[in-house]
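J.: Predicted coordinates and the sequence they were generated for:
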2 protein chains.
Amino acid sequence: MNLKIDYTGCMNLLSRDEINMQSEEALGHLKKLMEGSGKGSDFTGWIDLPEKSQTQAGKIKNAARRLRSQADITVIIGIGGSYLGSRAVIEALDSCMPLRADDQGHKVLFAGQNISEDYMSRVAAYLAGKVFNIIVISKSGTTTEPAIAFRILKKQLEETIPAAEVKKHIVAVTDAEKGALRKLTDREGYDSFIIPDDVGGRYSVLTPVGLLPIAVAGYDIDSLTGGAAEMASRTRDNNNANPAIVYASVRNLLYKKGKYIEMLVNYEPHLHYIAEWWKQLFGESEGKEGKGLFPTAADLTTDLHSLGQYIQEGERILIETVLSVASPSTEMIIPHDADNLDGLNYIAGRRLSEVNAKAEEGTIMAHIKGAVPVIKINIPRVNEAYLGQLLYFFEISCAISGYILGINPFDQPGVEAYKNNMFRLLGRPS
Amino acid sequence: MNLKIDYTGCMNLLSRDEINMQSEEALGHLKKLMEGSGKGSDFTGWIDLPEKSQTQAGKIKNAARRLRSQADITVIIGIGGSYLGSRAVIEALDSCMPLRADDQGHKVLFAGQNISEDYMSRVAAYLAGKVFNIIVISKSGTTTEPAIAFRILKKQLEETIPAAEVKKHIVAVTDAEKGALRKLTDREGYDSFIIPDDVGGRYSVLTPVGLLPIAVAGYDIDSLTGGAAEMASRTRDNNNANPAIVYASVRNLLYKKGKYIEMLVNYEPHLHYIAEWWKQLFGESEGKEGKGLFPTAADLTTDLHSLGQYIQEGERILIETVLSVASPSTEMIIPHDADNLDGLNYIAGRRLSEVNAKAEEGTIMAHIKGAVPVIKINIPRVNEAYLGQLLYFFEISCAISGYILGINPFDQPGVEAYKNNMFRLLGRPS
């Protein structure tokens, strides 16, 4: 089985001819992308990552095994693309950390993704007196958020374990040659992995940036990259059934018709961070030159009880893209109740996932009727292989979509504006 | 000190005259609201809740004390307005649950806010063999999500503790007279609290719906309602400095100028669920008749590294509303480093919150320059009293804003569409 795209829920607004024409154009963009002749082609190293990353898998798995054997906790320090990919995969495969007793399995925490004093204090308090590992992920080593967190937690580690042990508990993922973190890594002798120069942060999940934390959390990176490779073979081809061509075409056609917002929704809350990763991928790739669909997300059915009214009857500017998972990982039955005061006996003995699936089906029907076009991404189940397919599918779709939009999907010129103000306000020496 | 609104960041797009005119209209709507002569006036019981709820505080605190004394875990079962208010306040005051060892303090979990089989399985697995309480919150007792969760967890509780004990571990918050949960409550003899008929779900945080879980989590509901009362006295008045008049007016003027999206942002991740609550409040109140600002949220600086590019340079359809917290609750200093490879020594010895504040200031300047109007809500610190002010401020602002928009801010006709489809697909007996 494979991940599949279903856009029948958009056909009230689109014609077959429009889609065919847009797809033809999109195939031209795919050709440019593969030839390296499109905008930003210096940053298309991610295209071959499914294959390239397999050569590094052994080294990554060894490092992960070592880290897991020497501590029960690993803190991942990173922000943006150095954070969202691994968090997305790890939480998709196991969202139960908040519900896990302290003695069950290796814990992965995230730090350096904000500058909140309260957040950092709580991470530090939790780690107090405990032996832990740090995976610090930063191309430059000077990005403010992760650099602050690394200073604080490295110091804490130095105060907790013998000086000679510290370097074994730190692994760096950074530039091959340049930057503060590379310099420190070489001097201290940290184990390290390289962030390639031709892969931007938001496309880096299949480099050690994503793969090392995912392996440390206990998941199968070979299946993940294998899934990505499978999707790569389906989406690099010049044919109309290419799901990336379809998705990129449909969302751009809808955007041209006045849909300003694309909402990625799930019915499994552990996919929450998949949407956060997707928001960066598309928002940072397309949000430029005054253009781009605004990417947002919702966890359903939870948010049907908050945003449901707006989706159904508010401004008609929404596209809904559904991550539709066929089978959950666990099994649970709705119990029978002799009194049946709540009236639920008609679904007693059935699985929650069956009810959830009908909620999804009923919601899609309601939203289409409410003039919200719906794109469905059918995912057989949430495992490493299908997540690998999904991630690569979104990456290649995003590149094609950015070319349709006419922008460079691989730069991010707008992200420096706030940083420059901040540095000036903080009085950073130039 | 008090919560304050600063809309100078909108003045590139708005004139003083426009704001004055819109405020005049808004004051008329406030008058209608207070007289009960506006749309949906049957559901304005929330207006007096800051005072009314104080009469119930003793009973709520007693119940909370009893629940805390007899178990270490309480599961809150509810969805939408029966869930978001308490979760918002509890997480704002203590977001460290995922980072808390099992033996530290009373744990509050949430269930019944989705139909995910994986989620429910994990909650049940975590609770296996443990003694816990259930607070079940539902006006009807038949809403699918919480009703399923209640069936499952009640059964689990019955299998864990003696039959005679079960009823002491369940508290219901439900209708005074009608519905399945009221019937069960009266028959089993559960302790219970009432959801008033004249208060809709999204306005119910200051009823026992919100107050009981907040008290069980260990927080001061008197300060919360006291803060709300303080804001009530400032926002019921017919004067131009009324912050609710200002906020409702400014956001509607911006909407009329083509801003389709309002993004509520924080720089303290524990305010994440405040935004989730706010999204329901505004989205469900205003998203009707093809109208309404789309409410979305971001946790910064985290999401500056994902959505920052879009905010700075994408479609110019955004309003940014900033929850600006002056002081964090904890203190942490950036350490000095002899090598200074990361170049951070210029901020060594300073608090993280100072850097965070400069990030906020620099970001606001950058976004205003990028043609994103910014509304700032200045909050002295995150405690019960200021949260009470904030919640009431948003509630009354939302009512006025809905009247400016010309819709009924107290109904939600669109939320039944998906439910009816779901019931049909599941074959529910009529």
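T.: Nice, thanks for sending it over.
J.: so who does the closest residue to A:Glu313 other than its chain neighbours touch?
T.: Spatially, and ignoring its direct neighbours in sequence, A:Glu313 is nearest to B:Gly414 (3.9 Å; CB to CB, 6 or more residues apart in numbering or on different chains). Using the backbone N, CA and C atoms, a C-beta is placed for each residue, glycine as well. With contact set as CB atoms under 8 Å, 6 or more residues apart in numbering or on different chains, B:Gly414 has these partners: A:Gly308, A:Gln309, A:Ile311, A:Gln312, A:Glu313, A:Gly370, B:Gly287, B:Lys288.
J.: please redo it, this time with the cut-off set to 6 Å
T.: If a contact means CB atoms under 6 Å, 6 or more residues apart in numbering or on different chains, then B:Gly414 has A:Gln309, A:Gln312, A:Glu313 as its contacts.
J.: Just the residues contacting the helix or strand where A:Glu416 lies, thanks.
T.: Assigned by DSSP states H and E, A:Glu416 belongs to helix A:416-426. Applying CB under 6 Å, 6+ apart, the contact partners of helix A:416-426 are B:Gln312, B:Ile347, B:Lys358, B:Ala359, B:Glu361, B:Gly362, B:Thr363, B:Met365, B:Ala366.
J.: thinking the second one is in contact with B:Ile334, fair?
T.: Yep, that's B:Ile347 we're talking about. Yes - when contacts are counted by CB atoms under 6 Å, B:Ile347 is listed as touching B:Ile334 (5.4 Å).
J.: and A:Glu262, helix, strand or coil?
T.: strand (DSSP: H, G, I helix; E, B strand; the rest coil).
J.: what comes up buried for stretch A:30-37?
T.: Neighbour counts over stretch A:30-37 (16 or more other CB atoms under 10 Å in any protein chain shown) mark A:Leu30, A:Lys32, A:Leu33, A:Met34 as buried.
J.: Closest to chain B out of those residues?
T.: Using CB to the nearest CB, A:Leu33 comes nearest to chain B of those, at 20.1 Å.
J.: Can you tell me what sits against the longest strand along chain A?
T.: In chain A, taking DSSP state E as the definition, the longest strand is strand A:318-327. Residues outside strand A:318-327 that contact it (CB under 6 Å, 6+ apart) are A:254, A:259, A:261-266, A:268, A:271, A:367, A:372-382.
J.: next one: that strand to chain centre, how far?
T.: 15 Å (CA atoms, centre = their mean, to the nearest Å).
J.: Give me the next element, helix or strand, following it.
T.: helix A:352-369.
J.: before we move on, back to that, now the buried members of the contacts of strand A:318-327.
T.: A:254, A:259, A:261-266, A:268, A:271, A:367, A:372-377, A:379, A:382.
J.: Please list which of those residues also come close to chain B.
T.: A:Glu268 (CB under 6 Å from any CB of the partner chain).
J.: Out of the buried ones among the contacts of strand A:318-327, list just those in helices.
T.: A:Leu254, A:His367 (DSSP state H).
J.: where are the low-confidence patches of the stretch 51-200 of chain A?
T.: For the stretch 51-200 of chain A, the stretches with pLDDT under 70 are A:95-104.
J.: Could you rerun that using 90?
T.: A:54-55, A:94-105, A:118, A:122, A:126 (pLDDT under 90).
J.: Nearest to chain B: which residue in it?
T.: Closest point on the stretch 51-200 of chain A to chain B, by CB to the nearest CB, is A:Gly80, at 2.9 Å.
J.: was I right about that residue contacting B:His305?
T.: Yes - using CB under 6 Å, A:Gly80 makes contact with B:His305 at a distance of 2.9 Å.
J.: quick one: contacts for the residue of the stretch 51-200 of chain A closest to chain B?
T.: With the criterion set at CB under 6 Å, 6+ apart, A:Gly80 makes contact with A:Gly201, B:His305, B:Ser306.
J.: Tell me who's in contact with the first one.
T.: Spelled out, it's A:Gly201. A:Gly80, A:Gly81, A:Ser82.
J.: and those, which of them are in helices?
T.: Per DSSP H, the contacts of A:Gly201 never map to helices.
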